[in-house]
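Engineer: pasting the sequence and the predicted model now:
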Amino acid sequence: MTKNNVLVFGSNGLVGSSCVRILSKSPKISKVIASTRNDTNLFNYQETKQKIENSKPDVVIIAAAKVGGILANNTYRSEFLLENLKINMNILESLIDYPNVQIINLGSSCIYPLNAENPINEDSIFSGKLEPTNSPYAVAKLSAIELADAMSKQFNHRIYNLMPTNLYGPNDNFSELDSHVIPGLIRRMHDAKILKKKEFEIWGTGKPLREFLYVDDLSLAIEFLIDKDIDKNVINVGSSEEISIKELAQLIQELIEFEGELVFDESKPDGNPRKLLDSSYLSSLGWEPKTTLNEGLNKSYEWFLSSLS
């Protein structure tokens, strides 16, 4: 088995830290080089290129990104577009002279059109209008996919663009204001328990269906794809299991032992009624997620509690 040196950009974040943790134990990997904003300014092309030259990687994982929830995406639209464009373009352009380096670029399911048919297939990309609140972030990610495709066709690069479903796990952003669904619910419900609140309010009816994937399962998918030679550049990574927001909130309520009542404010918008990725291609290669939602929620809450001490 070939041993690979792997360079992980964005190694402090949710996905990057998981990649470092999982790949460090992999028999496929000889060395994991963890890169953060402290050692490389990814807004600077020369610094980015120098980091790649010095690291001599066999595989580069692009997990660096400016991320946030709907409120942050919709408020800081220019920053989300510009910063993600710069990060992706600088890394990919720096790798043009290295066609033998395998590149794994982390995208997002928000690249798919708002009205894409569920389960959403990889072929849905570029087929319709994007969800307006996070379209700048999606456009930056789509630009990276387009450049990756151009590099593959022009210079024979092996680049896999992975589109994970809603991720959660250790090192997630548990901020009350700009976090995603699971860390946001954990944070707010934990605080409500501490304050002995009688009610916990959730926007909408609780009926929308969502799909979630524990972050280490994405890292295991990345490990699985290292050294694979496949003819597909956009690959969905999901759990293929759906749960309503109401059922999710009830699971978290049970986990946290919040004794108050869950109240759904039906005057607030529900958003998309359903969003499920078609991950059948990756499954057909032999990959399956290992962590159940209950197990993942337990691990996430344990990490959150440890982060408070």
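Structural biologist: The structure has been received and is ready for your questions. Residues are numbered from 1 along each chain as shown.

Engineer: just the element for residue 252, please.
Structural biologist: Per DSSP states H and E, residue 252 falls inside helix 245-256.

Engineer: what about residue 3, neighbour count?
Structural biologist: Neighbour count for residue 3, taken as other C-beta atoms under 10 Å: 11. (Glycine included, C-beta is placed from N, CA and C.)

Engineer: strands paired with the helix or strand that comes right after the helix holding residue 252, and their directions?
Structural biologist: Moving toward the C-terminus from helix 245-256, the first helix or strand encountered (DSSP H and E) is strand 261-265. Taking DSSP bridges as the criterion, strand 261-265 forms sheet pairs with strand 199-203 (parallel).

Engineer: quick check: buried residues in the partner strand?
Structural biologist: Counting neighbours by 16 or more other C-beta atoms under 10 Å, one finds that the buried residues in strand 199-203 are 200, 202.

Engineer: which residues touch residue 225?
Structural biologist: Residue 225 sits next to 104, 160, 162, 235 when contact means C-beta atoms under 8 Å, 6 or more residues apart in numbering.

Engineer: what about it, distance to residue 282?
Structural biologist: Separation of residue 225 from residue 282 (C-beta to C-beta, to the nearest Å): 8 Å.

Engineer: okay, and the common contacts of these two?
Structural biologist: Listed contacts common to residue 225 and residue 282 are residue 235; contacts here mean C-beta under 8 Å, 6+ apart.

Engineer: tell me where the stretch 101-250 of the chain has strands.
Structural biologist: Taking DSSP state E, counting those that start in this stretch to define them, one finds strands in the stretch 101-250 of the chain at 102-106, 159-164, 166-168, 199-203, 209-214, 234-237, 242-244.

Engineer: and the first one, which strands flank it?
Structural biologist: Pointing back at strand 102-106 there. Each strand that strand 102-106 pairs with, and the sense of that pairing, follows from DSSP bridges: strand 59-62 (parallel), strand 159-164 (parallel).
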